[in-house]
Every structure is written in structure tokens, then in C-alpha cells.
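no FASTA, just this:
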């Protein structure tokens, strides 16, 4: 008999509410920053009908504007066929399936064609018993059930008394004979045995066939079978774990909640021929939380990494930098079993729990490199090798026809940058800069990123009745909080900057990620031929990036490309990306036929302030940007570096490059303005300007007074 399963899957129908302008502040004030929230929601609904017949496949398409895709299943099943010694099928044989971990019993019966299906089974190992009049009882105790997969067994009964039992010690390997899906499955024991420095099971996905990855799953960009990463469906206990705002890498959740190995019961990836019963997504990554059993069990673990065992980088060795610090500690434990309260409640065969805690502590150092001016250059002295390779020095302040002096404001920023001389809390990098006017410095920035994660699961048998069926309730809760300081390194930290102030050393931010995921399912075996799974849940990742102080001025200055920027370029940012879903799957067995119906509703939205889309704050130009340099309105008075003031100046491209460096140096030390720009947009909280009618007019030097001219937009003037 050929078992064929056909289905249709036309994709999702969504309604998107495009949000552009909002009129009120929705968020609280965070560390003195007024936070505004924008909200764009997406509703998605899907229903589907899937019918499986013994010898005939039929596909039904749902009506109206709803696609024919089932909700994602969180239970597996056992199917099989029963034969007598001559190979004839055995109808009406009773089938009993027992969960080896919890003792839960599921019953079934073979059809007139000798086949059976027992749906609604949580992952784990099961004992299967088949009995029929005139035959010995057949039994095996090692059938493994995988979430959303069918485990198949072939039963051959021997003639004899039903009181006799034939036990099959090793059942045949699981082969999916009812679907073309290609799935890689990793169980709990394999998860623990596989080496991992991140303890994130999603990193295993990068090792799968068909996966192309430029890094780890969480930090790199990964695709599977050439498909977009946003096309993947990553779920934990049936709930999407991705951040709705960022869906880039195929296996990165980018949310405040991360999956860890110790909490997993099983992990699987389906990369091809995904069935309609998988719901949305062309690649399915399923992770299921471990569950308790009748046996109390627990684990404790510790993983450590230390820079003592690491080699230093070639660059650090060359410049005299010590090995970056890395003190990483990951520890925790888990416990699971039946709920037992002495003299009050014994949950054996009825109520089970699993709890896991992971702590992560790390002290690290990032090695940063910057390019700074020499002491002479900060005074306007430009040095170069002339055409005869002799060293020449030119005082640009007197060489320029503008006769401008050193600007006190730019001198304060340049003075906050360390001088490239040995002996400080940094090293001089002679491979950076021209070693005449600019040189490189390298230094280490220490940081910490503590993280705490909690995972819990409860399974409880609500009802077991011959009339009302058997109903199991499972609930999963995951919560995590991590804090990384600094999230981004300051330009020149304390101890490196001689006069630390403002965003020179305080541009660092603290990244705080909080995530909560909840899932609850009601799994109902209504009869031997009907099963229903109802599931609802949410994922609420909340992430903030907050500098310790607000930007100190109403404008930001941009120095030339000769040196690194003295000040950081970071805005306070944050987002909340909640995801809610409710889904239902119903299975009906009719003889040799299997019918599945499903529906899923999803609501997801994004609430954010100072969106980091390069259209807001310091980085995007909502704060006015003052860029140093010369323009047709504001000449630097150095022309093309004439020989009258630049002795024996080289010609060609070498001379042109040297002249550009000299002009840049002059603009940096005198505060000569090339242009002033500002970005205006229509989202409150992100530089919103009603009417967009005002512009800033600034004269030739930064210290010159300014005037606002109504009626002009986007203009600059000398």
C-alpha cells in the first residue's frame, strides 16, 4: 500500500498598517531622554485542511482571504501497519502507546487495512503494544517520537495465545515514509555531548547541509538553501523567538531572549519540502523545552574560558599590546520530575515540572585603535618630506592668507585626544597615520556583560475520562536579562583621554536586553480517532541602548579624515517588539484516512524610540552636523599649496595628497566650516519639525553668531 499525503500552501495573507506620523509620546522618560514610540502592527491569519488517504491524495483550498496553511504542530505521532505471518493485514487490533517518561497512556486501533495512527504525542520514547485475538501480544519499548514528525513501526504478529508476549528489543530506525520533508533532529543527549562555546543550539544550524554562514548563528549572516533569512521560522515551544524589527540572519533571533542548551529537550531543522502543517516559513527550526518525568533528575554545570589559554594577536604583539582579557564563566543547573508536596499532593503520572537556571558572567577587554594629531600638528605646524626627501615644516596659521588663529573650541576637543607618545595607558601604533602629523594609538577598553536566564515547564493531566477524553495542559515560561557595558566603546576612555569630558569618553552605551516568552497548550485526545491541540503564547523582547549622559551640545562637529573623531556618535535608542499568537490543530482519523485542520492568528508590532535607521539623532543628522573644511564660500587661504610657502613641494598625486592633508589640518585647528547640515523627518521623537520651513545660516567660523531665517529649508550660507 502506498501512503500519499498531498496539500496546498499558497502563503500568508497579511494586513499591514503603515505608520508614518504620530502625534503623542507613548513611552516613559528614560534617563532624561524623552522617548517616543511608533507602532506598526501586522495581523496574519491562516487556516488549512490537510487530508491523507491510504491510496488517494486530495488537496482542499480554504475560502475567502485566508491561506491554506496549518498552524505549527507541537506534537508527534506513531503510525504503523499490522500483519500476520503470511503478510495479510490484521484489522481491529488494539494498540496501546505508553510514554516511558510520564506513564501517560494513548490508545488506538487498526483500520480495515491494518494501519493505525496515534496522534498527539509529546516528544520522547514510547512503548508500543499491539494485541489481536489468536495472536501473541507484540511489544517494543524504544520508539522515539519527534515533534511534528511521524514515527513508523511495522508489526508482524505471531500465532499464539494473547497471554504470550513477543518483545522487540530494538525497533527499526525511524524513517519518515509519509512525507517528503528533510529534517535533521538533535535530541537532548546529543545536545549535551556536542561542544559549544556559546551554549546556543542555533549555532549548530550553521553546520547543517545547505547552510551558508559568515559567522555564528547569532552574530553572522546565515542562509539555508539560498533562501532569505527572514523566510525562516524559529520557534521555541511553538512561539516565534525572533525580534519582529530585525529579521536578517536565518538563525539569529536578535531578541532579548536567547535559547540555551541546558533547557532544550529537542532541536530540529526542516530545510526542504516543508509541509503545510508547519505553518509559516520555508525553513523550520523547532526547539522544545525539556519536560519532567516520573523520575526526579537534575544537572549542574560550569563552563569557563580564560585568556591564559589564548594566544595574543599578531597586531597586538607587533604594537606591544598585551593579550585581551577574557574571563568568562557560565554556570547553572536544572531539575525536573513529578510535582510532590509531602502529605499534600503526589503528581506521579499526572503533574510534572522542569526548571533551569543559567548565569553568565564575563570580564573582557576590547582593543581599539585611533589616529590622532601630533603635538606640533595641533599648533598648526604641518610637516612633510619634500621632493628631495628632506623634512620640511610649515606654519599653516601664517601661511594662509586668512590669518585665522587656533580655535579654542576645536583645541579643547583635540586636547582631549592623547598625544602619540610612549608611556601612557596606551601604545603608539606607527603603522597608522603618516608619522609626521598623525600617528596611531592603541588601548584596551574593559567591559562586563552579566546575564541571567530562567526556564520553566509544567505538564499536568487535567482530565482522563472514557466519556470526555484525556486532556493535558503544558505551560512554558522563559525569561532573560542581560546587560553589556560598554555596548559600544568610547572614542577615548578615561585614563586614555587627558581631559575627559562629554562624548569624548562618555559616548559609550549600556545595552540592556530583556526577553520574556510564554507558551501554553491544551492537548486533547477526544477519542481514539480525534485529537486537538490549542496553543497560545507571546514573545516580548525589549532592548535599550543608553549612553550615560546626553549629548552635551545642540550641534556636533565632524573633523577631517586625517584623524579619528574625538567624540562618539551614539544616540539613546530602544525598542519593544511584542509577538502574540493563538493557533489550533485538529486531527481526525477515519479508517486508513487522516484529516488535519488548522488555523493560526498572529499579531506583531514594533514600538521604538530614536530608531537607528540613520535618520535620527547624532548619527543621522537630526542634531545639526558641522563639518570642517573649505568651500567656495569659505576659502582656507592655502590655494594649492604654492611653492612660495611650501618649499620644494612634491608634484603629482603625492603633492596633491599632501596638500589635502595640510588643508584638512588647517580647517581642524581653526574651526573652518565647510558645511552645516541637518536632517528633518516627520516622526515625533526623531527630529520631527512641523512644516520643515526653518534653516540654519552660519558664517565662516564656528564661533561666529548664527541666525535662523524663516521660510528657507535645507540651505547653508556663509
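Ah, there it is. Since we're looking at a predicted model, the values are computed, not measured. Numbering: from 1, shown residues only.

all strands of the stretch 501-650 of the chain, in order?
Per DSSP state E, counting those that start in this stretch, the stretch 501-650 of the chain carries strands over the ranges 510-527, 530-546, 556-558, 573-576, 579-590, 593-609, 625-628.

so for residue 187, which of those sits nearest?
Closest to residue 187 of these, according to CB to CB: strand 510-527, at 20.2 Å. All C-beta spots, glycine's among them, are computed from the backbone N, C-alpha and C.

about what we covered before: can you redo the strands of the stretch 501-650 of the chain as a markdown table with mean pLDDT?
A markdown table is the format used below for the strands of the stretch 501-650 of the chain (pLDDT from 0 to 100):
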| stretch | mean pLDDT |
| --- | --- |
| strand 510-527 | 91 |
| strand 530-546 | 90 |
| strand 556-558 | 89 |
| strand 573-576 | 84 |
| strand 579-590 | 90 |
| strand 593-609 | 85 |
| strand 625-628 | 91 |
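
any chance of these in TSV, with mean neighbour count and distance to residue 84 too?
Formatted as TSV, the strands of the stretch 501-650 of the chain follow (neighbours: other CB atoms under 10 Å; distance: least, CB to CB, whole Å):
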stretch	mean neighbour count	distance to residue 84
strand 510-527	20	27
strand 530-546	21	29
strand 556-558	19	84
strand 573-576	22	62
strand 579-590	20	22
strand 593-609	20	23
strand 625-628	19	84
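
could I get those as TSV with distance to residue 476?
Output for the strands of the stretch 501-650 of the chain, formatted as TSV (distance: least, CB to CB, whole Å):
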stretch	distance to residue 476
strand 510-527	4
strand 530-546	8
strand 556-558	46
strand 573-576	21
strand 579-590	14
strand 593-609	18
strand 625-628	48
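
quick one: closest of those to residue 395.
Among these, strand 625-628 comes nearest to residue 395, with 18.9 Å by CB to CB.

nearest to residue 89, of the strands of the stretch 501-650 of the chain?
Of all the strands of the stretch 501-650 of the chain, strand 593-609 sits nearest to residue 89, with 15.5 Å by CB to CB.

and residue 668, helix, strand or coil?
helix (DSSP: H, G, I helix; E, B strand; the rest coil).

related to what we said a few turns ago, of all the strands of the stretch 501-650 of the chain, which lies closest to residue 567?
For these, proximity to residue 567 was assessed by CB to CB; strand 556-558 is nearest, at 7.0 Å.

and the closest one, which strands flank it?
Take DSSP bridges as the rule and strand 556-558 pairs in its sheet with strand 625-628 (parallel).

related to what we said a few turns ago, between the strands of the stretch 501-650 of the chain, which gets nearest to residue 416?
strand 556-558 (12.5 Å).

from the chain's centroid, how far away is that closest one?
32 Å (CA atoms, centre = their mean, to the nearest Å).

give me the element residue 453 is part of.
Per DSSP states H and E: residue 453 is located in strand 451-465.

would you indicate which residues of the top strand by length along the chain are buried?
In the chain, assigned by DSSP state E, the strand with the most residues is strand 351-373. Across strand 351-373, burial judged by 16 or more other CB atoms under 10 Å covers 351-358, 360, 362, 364-365, 367-373.

sorry, back to before: looking at the strands of the stretch 501-650 of the chain, spot the one closest to residue 566.
Per CB to CB, nearest to residue 566 of those: strand 556-558, 8.5 Å.

ok, residues contacting that closest one?
Contact partners of strand 556-558, identified using CB atoms under 8 Å, 6 or more residues apart in numbering, comprise 409-410, 413, 565, 567, 569, 618, 623-628, 702.

can you put those residues in CSV and add distance to residue 73?
Output for the contacts of strand 556-558, formatted as CSV (distance: CB to CB, whole Å):
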residue, distance to residue 73
409, 65
410, 64
413, 60
565, 53
567, 53
569, 47
618, 48
623, 51
624, 55
625, 53
626, 59
627, 57
628, 62
702, 65
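
and the buried ones among these, selectable in PyMOL?
Selection of buried members from the contacts of strand 556-558 for PyMOL, criterion 16+ other CB under 10 Å:
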select buried, resi 410+413+565+567+569+618+623+624+625+626+627+628+702
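
closest to residue 281 among the contacts of strand 556-558?
Nearest to residue 281 out of those is residue 569 (CB to CB; 36.5 Å).

right, and that closest one touches residue 623 too?
No - counting by CB atoms under 8 Å, residue 623 is not a contact partner of residue 569; they are 10.3 Å apart.

quick one: the helices in the protein, in order.
Taking DSSP state H as the test, the helices found in the chain are 188-193, 314-319, 375-378, 396-399, 408-415, 502-505, 617-620, 652-670.

quick one, which of the ones you listed is packed in tightest?
Ranked by mean neighbour count, the helices of the chain are led by helix 502-505 with a mean of 22 (mean count of other CB atoms under 10 Å).

weakest of the helices of the chain by average pLDDT?
Mean pLDDT is lowest for helix 617-620 among the helices of the chain, at a mean of 68.

beta-bridge partners for residue 395, please?
Applying DSSP bridges, one finds that residue 395 bridges with residue 381.

can you check residue 470 too?
Here residue 470 sits in beta bridges with residue 464, residue 525, as judged by DSSP bridges.

from now on call the first residue 25
Sounds good: first residue 25 from here, last item residue 494.

wait, doesn't it sit right on residue 546?
No - counting by CB under 8 Å, residue 494 does not reach residue 546; the two are 11.5 Å apart.

tell me the contacts of the residue nearest to residue 408 when sequence neighbours are not counted?
In space, and not counting its chain neighbours, residue 408 is closest to residue 682: 5.2 Å by CB to CB, 6 or more residues apart in numbering. Contacts here follow CB under 8 Å, 6+ apart; on that basis residue 682 touches 408, 665, 673, 674.

again with residue 336
Going by CB under 8 Å, 6+ apart, residue 336 touches 345, 346, 347.

ok, the first one touching residue 451?
Yes - counting by CB under 8 Å, residue 345 does reach residue 451; the two are 5.7 Å apart.

spit out the residues that contact these two alike.
With CB under 8 Å, 6+ apart, residue 345 and residue 451 have common neighbours residue 466.

what's the domain layout of this structure?
Domains of the chain are assigned by automatic domain parsing as 100-202, 204-314, 317-395+464-576, 396-463+637-734.

what stretches of the stretch 325-474 of the chain score poorly on pLDDT?
The model of the stretch 325-474 of the chain has no residue with pLDDT under 70.
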